[in-house]
Structure formats: C-alpha cells, structure tokens
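> show me how the following folds:
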Amino acid sequence: MFPLREPNSRLTGLLVPAVIVAADRALKLWARGWLRPRGSVPLAPFFSLTYVENTGAAFGTLKDSNAMLIAVALALLAGLLYARRRLPAAERLSHWGILLVIGGALGNLYDRLTLGFVVDFLDFRVWPVFNLADSCICMGAVCLGLGVLRRGKPG
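Numbering: from 1, shown residues only. Model (predicted):
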C-alpha cells in the first residue's frame, strides 16, 4: 500500500510535516524578498497579499512574546508527538490532524527562532493576515476535532 495513505506510518509522519515546512519556507522567503518592499498587493476586492512581521500569536494577541510562544510551540509539538504514538491506527483523521498541526507549528517556530517574528502575507481583509503554516494548524485542529467527535459516536 502507498505509505502516504497511512497517516500513522513513519514515512508519512516525516514527509507530511517536511513538505509543509518546505512550502511554508518557500512562500515566506518569497514574501520577504518580493512582497516586503511592496507592502501590500491587492489581487481582488476581498483579498490582498500583505507583508506582516507578527511578533505575537493569532489575532495580534501576545505581541512581543516570542520567547513564551517558542516555549508553547515546543510543548505543543512534544504533546502532539506523544499523542500520535498512542493514537490507534484506525484514528486516521486524528493522525492527519496531528501531522498538519506539527507541520504548521514547525513552520512558524522556524520563523520565531531565526527571525524573531512570523512572516504573514495572506490578507482577506476581514480576518487577520496569516500564512500557510497557520492554515495547516487550523485545518489540523479541525481534523482533530472531527476525529474526537467521531470517536465519541457509538458504533
């Protein structure tokens, strides 16, 4: 069977977060090089590419709390890795959720450790500016939530 179909395999556990981090890094490097000098580039009435250096957490909370956010990310990663090892193989949706959150958390953690802030650039005007890693964290959280709800269903 193709290993990526099994989210609990070791290969998938390494490959999925690595692909997320690589794509996130590439987009953020592009944003720093091309978008930063331009500031914001409108692409549609509801969407722009807007360069932001985020020193806080989601929605601009915890501004300038980089050290604490690094510690939280490391604790989250440790907890997710532990949970993934203990999760039954049949819990596929939860495994995928964990891999998405791990990839996203590693992408943003890299920025915090190397730059002291997270590069954001996707701007839907009605939502705070975010990036690919943030999207993976949110999608992963939804998968985890759905996995928990499924687990709670009888039969």
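
> tell me the secondary structure for the closest residue in space to Asp123 that isn't next to it in sequence?
Residue nearest to Asp123 in three dimensions, not counting chain neighbours: Thr50, with 3.9 Å by CB to CB, 6 or more residues apart in numbering. Where you see a C-beta, it was placed from the backbone N, CA and C, and this is true even at glycine. Following DSSP: H, G, I helix; E, B strand; the rest coil, Thr50 is assigned to strand.

> run a quick check on Thr50 versus Phe130, I expect a contact.
No. Using CB atoms under 8 Å, Thr50 makes no contact with Phe130, being 10.3 Å away.

> what do those two both touch?
Asp120 (CB atoms under 8 Å, 6 or more residues apart in numbering).

> the residue nearest to Asp123 - how many residues pack around it?
19 (other CB atoms under 10 Å).

> next up, the contacts around the most centrally placed residue in the chain.
With distances taken as CA atoms, centre = their mean, Gly104 lies nearest the centre of the chain, 2.2 Å away. By CB under 8 Å, 6+ apart, the contact list for Gly104 reads 20, 24, 132-137, 140.

> nothing else from me, thank you.
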